[in-house]
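Engineer: here is my input, please return the structure:
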Amino acid sequence: MTSTNLKLIGEDLEDRAVKTRNCPTHGDYEAMFSVAENRWSGCQACLKLERDKAERDEAMARRVAIQQERSGIPEKYRAATFANFSPTRKNKVGEDERIESLDSKLKKAKRYSQYVNEGNHRGSNLILVGLSGTGKTHIAMAIAHEAIKNRKTVKYVTAEDIMLSIRATYSNKSNKTELEAIHDFASPDLLIIDEIDKLKNPETHDANNELKQVFTIVNKRYSNEKPIVLIGNVPTEQLRNRLGEPTWERLKERSNKLVFTESSYRVQFENLDLEAQ
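Structural biologist: Here you go, the predicted structure:
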């Protein structure tokens, strides 16, 4: 290639170095041509919006991760969402079959979640009861994740966690009082109590104190219109007996109930390669 040709190419690039282009959103802008990338630059205003969104998304992801850790959500359910909840079960020939009743529960849970996130719940609770492995905890964790994304404080515990936390305050080495422990459960925007049916049978001699403590937590949240999601693996009547009448009366006044009667969708055995290498 001759020097004359190179000069002409250089002059042509110089002529094309800047051009007025149009962005459908922001109108005309000055575009620069990149020889290395062989393309014109995009709208700087659009690029800034994309960078700002990426920064916001990254900040939200960090905040959500921190809140998930603080909330006590088990590692198993850190990725549980409404989107990956499966309203299907295997039919007799091993094919996935969509279950209308699960679809209906999923829609109701989403509506409840929306009420919580928008602050329109008026202290209404959600009770999820049914057999083990039917998706109750997954649904509850999906509600929790949506609440965290909407800047709500969330706490997930089992009934046993509550009792252990309160009993720990009785030790001389504890730096927390019983009332402070109860406040930890009464104060979050959303409280999720799993395995609520594991409370001691009210007929046993040492169950009375547990029932009083649970009632105190429920009553404080009732008074402050803070919602609770309860999860139990027993029928409603048995759950009522375990909680005791005073607590049940508080709950049922402002509660929605979803009863899971479908078959379990848990995998019985993980499909891992256990053969020696």
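Engineer: can we go C-alpha only for contacts and neighbour counts from here?
Structural biologist: Fine.
Engineer: pull the distance from the helix or strand containing residue 47 to the chain's centre.
Structural biologist: Per DSSP states H and E, residue 47 falls inside helix 44-71. Offset of helix 44-71 from its chain centre (CA atoms, centre = their mean, to the nearest Å): 17 Å.
Engineer: other SSEs contacting it?
Structural biologist: Contact here means 3 or more CA pairs under 8 Å, 6 or more residues apart in numbering; DSSP states H and E; on that basis helix 44-71 packs against helix 136-149, strand 154-158.
Engineer: out of the ones you listed, nearest to residue 67?
Structural biologist: helix 136-149 (6.7 Å; CA to CA).
Engineer: dump that closest one to CSV, restricted to CA.
Structural biologist: Extracted as CSV, the C-alpha positions of helix 136-149 are listed here (Å, rounded to 0.1, in the frame of the first residue of the first chain):
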residue,chain,number,x,y,z
LYS,A,136,-44.5,-25.0,52.9
THR,A,137,-41.0,-23.8,54.0
HIS,A,138,-40.1,-23.1,50.4
ILE,A,139,-43.1,-20.8,50.1
ALA,A,140,-42.3,-19.1,53.4
MET,A,141,-38.7,-18.5,52.3
ALA,A,142,-39.9,-17.0,49.0
ILE,A,143,-42.0,-14.6,51.0
ALA,A,144,-39.0,-13.8,53.2
HIS,A,145,-36.7,-13.1,50.2
GLU,A,146,-39.3,-10.7,48.7
ALA,A,147,-39.5,-8.9,52.0
ILE,A,148,-35.8,-8.6,52.3
LYS,A,149,-35.6,-7.2,48.7
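Engineer: mind listing what's buried in the lengthiest strand in the chain?
Structural biologist: The longest strand of the chain (DSSP state E) is strand 27-34. Residues 29, 31, 32, 33 are the ones in strand 27-34 that count as buried (16 or more other CA atoms under 10 Å).
Engineer: and for stretch 70-86?
Structural biologist: 71, 73, 78, 80, 81, 82, 86.
Engineer: next one: stretch 224-239
Structural biologist: Buried residues in stretch 224-239 (16+ other CA under 10 Å): 225-236, 239.
Engineer: what's the closest of these to residue 180?
Structural biologist: residue 226 (17.6 Å).
Engineer: host element of the closest one?
Structural biologist: Counting by DSSP H and E, residue 226 is part of no helix or strand.
Engineer: by how many degrees do the helix holding residue 47 and strand 154-158 diverge?
Structural biologist: 30 degrees (axes from the mean of the first three to the mean of the last three CA atoms, to 10 degrees).
Engineer: and helix 44-71, average pLDDT?
Structural biologist: Per-residue pLDDT over helix 44-71 has a mean of 85.
Engineer: quick one: that helix to helix 136-149, angle?
Structural biologist: Helix 44-71 runs at 130 degrees relative to helix 136-149, counting by the same axes, to 10 degrees.
Engineer: send the alpha carbons of the host helix or strand of residue 128 over as PDB?
Structural biologist: Using DSSP H and E, residue 128 falls within strand 125-130. Extracted in PDB, the C-alpha atoms of strand 125-130 (Å, rounded to 0.1, in the frame of the first residue of the first chain):
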ATOM      1  CA  ASN A 125     -50.600 -13.700  59.600                       C
ATOM      2  CA  LEU A 126     -50.100 -16.700  57.300                       C
ATOM      3  CA  ILE A 127     -50.400 -20.200  58.600                       C
ATOM      4  CA  LEU A 128     -48.900 -23.000  56.400                       C
ATOM      5  CA  VAL A 129     -49.900 -26.500  57.600                       C
ATOM      6  CA  GLY A 130     -49.700 -29.900  56.100                       C
END
